[in-house]
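Undergrad: next one to model:
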Amino acid sequence: MSRVSKSLKNAKIGAFFFIFSIFAQFFTRKIFLDFLGDEFIGLTSTLRSVLGFLNLAELGIGTAIGYALYKPIFDNNHSEINKIIALLGLLYKRIGIFIFSVGIIISLFFPYFFGDTQFSFGLIYFVFYSFLISTLLSYFFNYHMTLLEADQKGYVVQVYFQSLNILRLVFQGLIAYYLQSYYAWVIMELLFSVILSFILRKKIKQHYPWLIIVSKETSNLIKKYPEIITKTKQLFVHKMGSFVKDGTDNILVYALVNVQSVAFFGNYQLIFMNLISLMQIIFAGTGAGVGNLIAENNKKNIEKVFWEMMALQFFIAGFFSLAVYYLISPFVILWIGDEYVLEEFIVLLMIGNFFISLIRSPVQHFQNAYGLFSDTWAPGLEIIINLIISFIFGKLWGISGILLGTFTSLIVVVMLWKPYLLFTKGFKTSTWKYWTGFIPLTLVFLVSAYIVNVIYSNYLDHDNLNFLSWCFNSIKLSFTILIVYGLLMYISSQGFRDFNHRIFILIKNKIYKN
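TA: Next up is the predicted model:
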């Protein structure tokens, strides 16, 4: 099966389950807010962010191992794959013990952190340790999943993860509605994590019967793969930058505003996170496909695929950014009420961060495939910019100031530095080639946004606010964006035309084959 075919299979299966998952999430979110309350949802979001901080101990090992697996998978070298997975298991188990230990220490300070909440410390500790155990399962039992991702078989994980996630949300919704029990709600979270762990362990053995699940290899493995350890140390610093960008917003909102605002902010976050998750599911096999492409070392094909990915990601990011701008606030009103609507400037900053998060992915995939992690100063700069601006303007403007810190750090590090690193060290060519491709894509998006705004403001009916009119308006707006933006992209972007041609040939071959 080709790289494109594997990527499409990941996309189809992931998108199918995601559609059901997103309905379950939004439906149950309303129930959770109504029957468990803003403060409890804000508390759980904050505790998840604390666990995100603990997960920094993962050090980026999964990414480094994925990078190391591309070549042996391409060569079908089972012996080498077994050794690398054994190394992953050894490192993950050590890190799991470390995370559990640090988790205990951090929890000792909860009376100081959560002194103003209405909940008992017994409940806070129960939630935290349940979430912690769920997290540790991946370190002790499910680390083999890295092989599925590197082999472009992420759909195997998604089928079971999404199915069980939907069932979990349904059961938690029923518990919230009928019992209003915090403890039972949390128990469901832990129970389904355990079930998923056992299922995935069984599936990995089915797909790779030759894989050694419990390896007898010792710590000598660390000496055999010094490059992986080096890449891991570099990735640790990069992961710190990612955590500050993605994981501290809830903590900062809690610290600088209040716990209820975490829930308000979390409602919008849920929408953006689901959109990003959808993109990650659709492009689940892309990173492994790029790694396989780099292993072939065809420079002309590498650059061609990069610009296809850039054009596609620009189109997807632009489509969703425009749609969300016009549709998100009316949706929130219909979904949970107008008291949960955030001001427009906050929404614009969230859209800006979301847009950059999507268009950065081609650069990130190719950077990972080349193993370009040596710029350990970059995430440090990202952290400094993010936290300084977030603290200063967060105290002045609240959520807007916190988001401004994230946006500024993304512009400086992700938009300016990362392309330079990839083109000079990976592609070994001038960065000017990147900007001559990137700037036209940006201009096409801006022109499309202006045209869509004119059409939306003058020709689309958006005054009546009910679910039916919102759905019809969403459809009309989506078609408008697709036609305007899609047409301009096709005319102006060679990468976009190449991608469409590639998909056309793939569909044509599949039709004739059948």
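
Undergrad: got the contact list for stretch 291-301?
TA: Residues from elsewhere that reach stretch 291-301 (Cβ atoms under 8 Å, 6 or more residues apart in numbering): 3, 66-67, 70-71, 73-74, 150, 152, 302, 305, 366, 368-370, 427. In short, each C-beta sits where N, CA and C put it, glycine included.

Undergrad: with stretch 189-199 instead?
TA: In this structure, residues lying in contact with stretch 189-199 by Cβ under 8 Å, 6+ apart are 130-131, 133-134, 137-138, 141-142, 160-161, 164-165, 167-168, 171-172.

Undergrad: do stretch 256-268 as well
TA: Applying Cβ under 8 Å, 6+ apart, the external contacts of stretch 256-268 come out as 29, 33, 38-39, 41-43, 45-46, 116-117, 249-250, 253-254, 328, 332, 335-336, 340, 342, 346-347, 350, 391, 394-395, 398-399, 402.

Undergrad: pull out the buried positions in that stretch.
TA: L256, V257, N258, V259, S261, V262, A263, F264, F265, G266, N267, Y268 (16 or more other Cβ atoms under 10 Å).

Undergrad: the one helix or strand the fifth one maps to - what's its average pLDDT?
TA: The one in question is S261. For S261, the host element (DSSP states H and E) is helix 259-282. Across helix 259-282, the average pLDDT comes to 78.

Undergrad: which SSE is immediately downstream of that helix?
TA: Assigned by DSSP H and E, the successor of helix 259-282 is helix 286-296.

Undergrad: quick check: mean pLDDT across the helix or strand that I228 is a member of?
TA: Secondary structure assignment for I228, by DSSP H and E: helix 226-247. Helix 226-247 carries an average pLDDT of 67.

Undergrad: and the next helix or strand past it?
TA: Once helix 226-247 ends, the next helix or strand along the chain (criterion: DSSP H and E) is helix 249-256.

Undergrad: and the angle from that next one to helix 259-282?
TA: Interaxial angle, helix 249-256 versus helix 259-282 (axes from the mean of the first three to the mean of the last three Cα atoms, to 10 degrees): 170 degrees.

Undergrad: gap between helix 249-256 and the chain center?
TA: 20 Å (Cα atoms, centre = their mean, to the nearest Å).

Undergrad: could you export it as PDB, CA atoms only?
TA: Below are the C-alpha coordinates for helix 249-256, written out as PDB (Å, rounded to 0.1, in the frame of the first residue of the first chain):
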ATOM      1  CA  ASP A 249      -3.300  28.800  29.100                       C
ATOM      2  CA  ASN A 250      -5.800  27.000  31.500                       C
ATOM      3  CA  ILE A 251      -3.300  27.400  34.400                       C
ATOM      4  CA  LEU A 252      -2.700  31.100  33.700                       C
ATOM      5  CA  VAL A 253      -6.500  31.800  33.300                       C
ATOM      6  CA  TYR A 254      -7.000  30.100  36.700                       C
ATOM      7  CA  ALA A 255      -4.200  32.000  38.300                       C
ATOM      8  CA  LEU A 256      -4.800  35.500  36.700                       C
END
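
Undergrad: picking up where we left off before, in helices, which of the contacts of stretch 189-199 fall?
TA: Among the contacts of stretch 189-199, the residues falling in helices (DSSP state H) are 130-131, 133-134, 137-138, 160-161, 164-165, 167-168, 171-172.

Undergrad: and those residues, which of them are buried?
TA: S130, F131, S134, L137, S138, Y160, F161, L164, N165, R168, F171, Q172.

Undergrad: from those residues, which single one is nearest Q25?
TA: Nearest to Q25 among those: N165, at 8.5 Å, using Cβ to Cβ.

Undergrad: so who does the closest one touch?
TA: By Cβ under 8 Å, 6+ apart, the contact list for N165 reads S21, A24, F192.

Undergrad: and those, which is the shakiest by pLDDT?
TA: Out of those, that is S21, at 77.

Undergrad: check what pLDDT G401 gets.
TA: Per the predicted model, pLDDT is 90 at G401.

Undergrad: okay, now it: neighbour count?
TA: For G401, the count of nearby residues is 21 (other Cβ atoms under 10 Å).

Undergrad: can you tell me which helix in the chain is longest?
TA: helix 299-336.

Undergrad: quick one: it to chain centroid distance?
TA: Taking Cα atoms, centre = their mean, one finds helix 299-336 lying 14 Å from the centre of the chain it belongs to.

Undergrad: for that helix, which positions count as buried?
TA: For helix 299-336, the buried set under the neighbour-count rule, 16+ other Cβ under 10 Å, comprises 302-332, 335-336.

Undergrad: ok, now stretch 468-477?
TA: Per 16+ other Cβ under 10 Å, stretch 468-477 contains these buried residues: W470, N473, K476, L477.

Undergrad: want to throw those into CSV with secondary structure, distance to L446 and pLDDT?
TA: Listed next are those as CSV, based on DSSP: H, G, I helix; E, B strand; the rest coil; distance: Cβ to Cβ, whole Å; pLDDT from 0 to 100:
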residue, secondary structure, distance to L446, pLDDT
W470, helix, 26, 88
N473, helix, 23, 88
K476, helix, 22, 91
L477, helix, 18, 93
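
Undergrad: between those residues, which sits nearest A449?
TA: Using Cβ to Cβ, L477 is the member of these that sits closest to A449, with 12.5 Å.

Undergrad: what sits against the closest one?
TA: When contacts are counted by Cβ under 8 Å, 6+ apart, L477 touches L322, A323, Y326, L327, V452, Y456, L460.

Undergrad: circling back: relative to V290, which of the contacts of stretch 189-199 is nearest.
TA: Each of the contacts of stretch 189-199 was scored against V290 by Cβ to Cβ, and F161 proved nearest at 22.8 Å.

Undergrad: all set now, cheers.
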